[in-house]
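Asker: Sequence plus the predicted model coming up.
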Amino acid sequence: PDALTSLLRSGSLHSQSTVRQSESQGTPSSIESSSTKESTRSKLWAVACSMSLWKICRLLVLPSRFYCTKITSIEEHVVDTLRSIVGQNNVSQSRAVREQHGRDESYHKCKAPAAVVWPQTTEHVSRVVKVCSDNRIPMTPFGTGTGLEGGVNALEEGVCIDLSKMDDIVEVNAEDLDATVQPGVTRNRLNEYLRDTGLWFPIDPGADASLCGMGATSASGTNAVRYGTMRENVVNLEVVLPCGTVIHTAGEGRRTRKTSAGYNLTNLFVGSEGTLGIITQATLRLYGIPEKMVSAVCAFPSIQAAVDTTVQVIQSGIPVARIELLDEVQMDACNRYSGLNYEVAPTLFLEFHGSESGVDSQAELAGDIATDNGGSSFSWASDLEERNRLWKARHDCLYANLALRPGCTGIATDVCVPISKLPDAVVAAKQDIVNSGLTAPIVGHVGDGNFHCYLVINPEDENEMRQAEEFGVRVARQALAVGGTCTGEHGIGQGKTKLLEEELGDSGIAAMRKVKDMFDPNNLMNPGKVLSNRKQSL
């Protein structure tokens, strides 16, 4: 294929060069051109004969690797218009850039956009969206690409709108405990900025994700049991609608701790995954940094004992800040990857926040419950360096798991169940893993009923992929059967649309479609995500 492509290009260039040269020398160009074309045709036929029919078809029809390489959905005059809005260097159609923006951390195959645009202001975003809307071009917002459900994959090509250059921390109101940020600001950057104020933003999904992207997926993470999810911590949003109109979901400049004014538009866009509009600014709640933070590690004889401890801690009203479950497979992976030396057994990572006396009391009560369930004595991490090392190991679980089978990829389940149903749900998932023979460490934010089975699979093995996907569906349906959800924090993306239909039912999905159709009647905003293409009547 490379030889054929090269010959096509060189033959074409040679023909053009011969014509120009012959004209300058007064030679009839038609004779030279005819001779050159005949020579080129002979060479092409020789190369084609040496190739199999499959290779020729693959060259002409199929994209290389898993990537979508066509650029067919944007006319040149539209690209020129986009460049006039955001600047010449802020629009790219190079293959490498498009592929980079056509996938996230999920197992879903890359679907590259036809072009990538970097706006620097809300006005830029509004004008870009208006151009795309007028020309019926699909749009996909892009933050940091750390999602786990294929949310940034450009299923219908179109334009990817990368918001990373909009990275201002607009304002911090320390007295009112809130901050307003643009979409390029990540959670780590905000917390570094806040360090000298005694405040922090505690929502921590693990990755250094963009804060507006976290809002778009309603992310949460390890601190959710104490501080809630993004849904509880977003006060106001600036959103560019699919028509280019800019709105403020709680009113421009509003940042009160509560409101009863009208429909809750803020929470409509939190979790909308870029399907209703593009978030260009978020006002967030901040918290005072606790006087004392200590972390602890406790091993258990079984998954059942670890999860029972979690449920009893929560039901006892102990205000634990984090309580994370890692099964023995996950602990082994973390020990190897992060250089830890903990017992290879089902384990809880805990963290307590508060005053000196309050933290000591919380830890003592939690320790008693753990002991009653056969848990080991707490191994403490009290100074900042020790705690950071412990939680970095927890956040690196994804990469630790992939290291178990180099060259493989992963599929993460994300169910959340009522806390009383957690022990049965986790034990059932563990037994299913054993029966299936899959490699699937279990890790979870079990304090709020959310846990993940991270299946490490070979994407080239169709049977293994099928087994993994079927396992994910079984775990999700078990959660739904006990009043849970198919996704606690990762979002629906492109992989869980059918499970969402099972979770909400026909009338619920139809109502969501009405909302989508009202905001985005041409289905241009991140099409193919959250809602499938199949219509249902309300």
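Answerer: On my side now, so go ahead.

Asker: For the helix or strand that contains E123, which outside residues touch it?
Answerer: Element membership for E123, per DSSP states H and E: helix 122-134. Defining contact as C-beta atoms under 8 Å, 6 or more residues apart in numbering, one finds that helix 122-134 is touched by 78, 81-82, 85-86, 117, 119, 137-139, 158-159, 161, 163, 166, 238, 240-246, 278, 280-281, 522, 524. Placement of C-beta: from N, CA and C, glycine included.

Asker: Alpha carbons of stretch 463-470, in PDB - could you do that?
Answerer: The C-alpha coordinates for stretch 463-470 follow below in PDB (Å, rounded to 0.1, in the frame of the first residue of the first chain):
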ATOM      1  CA  ASN A 463     -14.100 -14.300  23.000                       C
ATOM      2  CA  GLU A 464     -12.500 -12.500  25.900                       C
ATOM      3  CA  MET A 465     -14.000  -9.200  24.900                       C
ATOM      4  CA  ARG A 466     -17.400 -10.800  24.700                       C
ATOM      5  CA  GLN A 467     -17.000 -12.400  28.100                       C
ATOM      6  CA  ALA A 468     -15.900  -9.100  29.600                       C
ATOM      7  CA  GLU A 469     -18.800  -7.200  28.100                       C
ATOM      8  CA  GLU A 470     -21.300  -9.800  29.200                       C
END
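
Asker: Contacts for that stretch, please.
Answerer: 411, 436, 438, 455, 457-459.

Asker: Who's the closest spatial neighbour of I411, skipping the chain neighbours?
Answerer: Take I411 and drop its neighbours on the chain: the residue closest to it by C-beta to C-beta, 6 or more residues apart in numbering is L455, 4.5 Å away.

Asker: re the thing from before, residues of the helix or strand just after the helix holding E123 that come out buried?
Answerer: Using DSSP H and E, the helix or strand that follows helix 122-134 in sequence is strand 139-142. Residues of strand 139-142 classed as buried: 139-142 (neighbour count, 16 or more other C-beta atoms under 10 Å).

Asker: For the following helix or strand past strand 139-142, what is the distance to the chain centroid?
Answerer: For strand 139-142, the following helix or strand on the C-terminal side (DSSP H and E) is strand 159-162. Mean C-alpha position of strand 159-162 versus that of the full chain (C-alpha atoms, centre = their mean, to the nearest Å) differs by 15 Å.

Asker: so what secondary structure elements neighbour the very next helix or strand once past strand 159-162?
Answerer: Next helix or strand after strand 159-162 toward the C-terminus (DSSP H and E): strand 169-173. Contacts defined by 3 or more C-beta pairs under 8 Å, 6 or more residues apart in numbering; DSSP states H and E place strand 169-173 against strand 178-181, helix 187-194.

Asker: Would you map the helices across the stretch 1-150 of the chain?
Answerer: Assigned by DSSP state H, counting those that start in this stretch, the helices in the stretch 1-150 of the chain fall at 2-24, 29-49, 53-60, 76-86, 95-100, 122-134.

Asker: Which of these comes out lowest on mean pLDDT?
Answerer: Ranked by mean pLDDT, the helices of the stretch 1-150 of the chain end with helix 53-60 at the bottom, a mean of 36.

Asker: Give the partner strands of the helix or strand where H353 lies in its sheet and their orientations.
Answerer: In this assignment (DSSP H and E), H353 forms part of strand 347-354. Paired with strand 347-354 in the same sheet, following DSSP bridges, are strand 292-299 (antiparallel), strand 322-326 (antiparallel).

Asker: Generate CSV for the ones you listed, with mean neighbour count and distance to V443 as supplementary columns.
Answerer: Output for those, formatted as CSV (neighbours: other C-beta atoms under 10 Å; distance: least, C-beta to C-beta, whole Å):
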stretch, mean neighbour count, distance to V443
strand 292-299, 21, 14
strand 322-326, 26, 5
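
Asker: Just send those back as JSON lines, with distance to V131 and mean pLDDT too.
Answerer: Listed next are the strands paired with strand 347-354 as JSON lines, based on distance: least, C-beta to C-beta, whole Å; pLDDT from 0 to 100:
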{"stretch": "strand 292-299", "distance to V131": "48", "mean pLDDT": "95"}
{"stretch": "strand 322-326", "distance to V131": "45", "mean pLDDT": "96"}
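
Asker: As TSV, the ones you listed with distance to W380 would be great.
Answerer: Converted to TSV, the strands paired with strand 347-354 look like this (distance: least, C-beta to C-beta, whole Å):
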stretch	distance to W380
strand 292-299	6
strand 322-326	14
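
Asker: who wins for proximity to E105 among the ones you listed?
Answerer: strand 322-326 (19.2 Å; C-beta to C-beta).

Asker: Give me the contact list for the closest one.
Answerer: Contacts of strand 322-326 (C-beta under 8 Å, 6+ apart): 222-223, 225-226, 295, 303, 306-307, 310, 313-314, 334, 346-351, 391, 394, 397, 426, 441-447, 451.

Asker: ok, the residue nearest the centre of the chain - contacts?
Answerer: Closest to where the C-alpha atoms of the chain average out (C-alpha atoms, centre = their mean) is G147, at 1.0 Å. Contacts for G147 (C-beta under 8 Å, 6+ apart) come out as 104-106, 213, 217, 490-491, 493.

Asker: again, but for A299
Answerer: 342-343, 345-347, 375-376.

Asker: Tell me the spacing between the residue nearest to T266 when sequence neighbours are not counted and L265.
Answerer: Excluding its sequence neighbours, the residue lying closest to T266 (C-beta to C-beta, 6+ apart) is T249, at 4.2 Å. Taking C-beta to C-beta, to the nearest Å as the measure, T249 falls 4 Å from L265.

Asker: F378 now?
Answerer: Distance from F378 to L265, by C-beta to C-beta: 45 Å.

Asker: And for L190?
Answerer: For L190 relative to L265 (C-beta to C-beta), the value is 23 Å.

Asker: same deal with C408?
Answerer: 42 Å.

Asker: what do you get for V117?
Answerer: Distance from V117 to L265, by C-beta to C-beta: 26 Å.

Asker: Looking at these two, which is more packed in?
Answerer: Set V117 next to L265 and count neighbours by other C-beta atoms under 10 Å: V117 wins out with 26 against 17.

Asker: Okay, and the beta partners of the more buried one?
Answerer: With DSSP bridges as the rule, V117 is bridged to V91, I161.

Asker: most surrounded residue in the contacts of stretch 463-470?
Answerer: Neighbour counts for the contacts of stretch 463-470 (other C-beta under 10 Å) peak at L455, which has 27 neighbours.

Asker: Would you verify that that residue is located in a helix?
Answerer: No - if the criterion is DSSP: H, G, I helix; E, B strand; the rest coil, then L455 is strand and not within a helix.

Asker: show me what contacts it?
Answerer: Contacts of L455 by C-beta under 8 Å, 6+ apart are 410-413, 438-440, 468, 471-472.

Asker: Can you tell me which of these are buried?
Answerer: Buried among the contacts of L455 (16+ other C-beta under 10 Å): 410-413, 438-440, 468, 471-472.

Asker: For the stretch 251-400 of the chain, which segments count as strands?
Answerer: Secondary structure of the stretch 251-400 of the chain, counting by DSSP state E, counting those that start in this stretch: strands at 278-285, 287-288, 292-299, 322-326, 347-354, 379-381.
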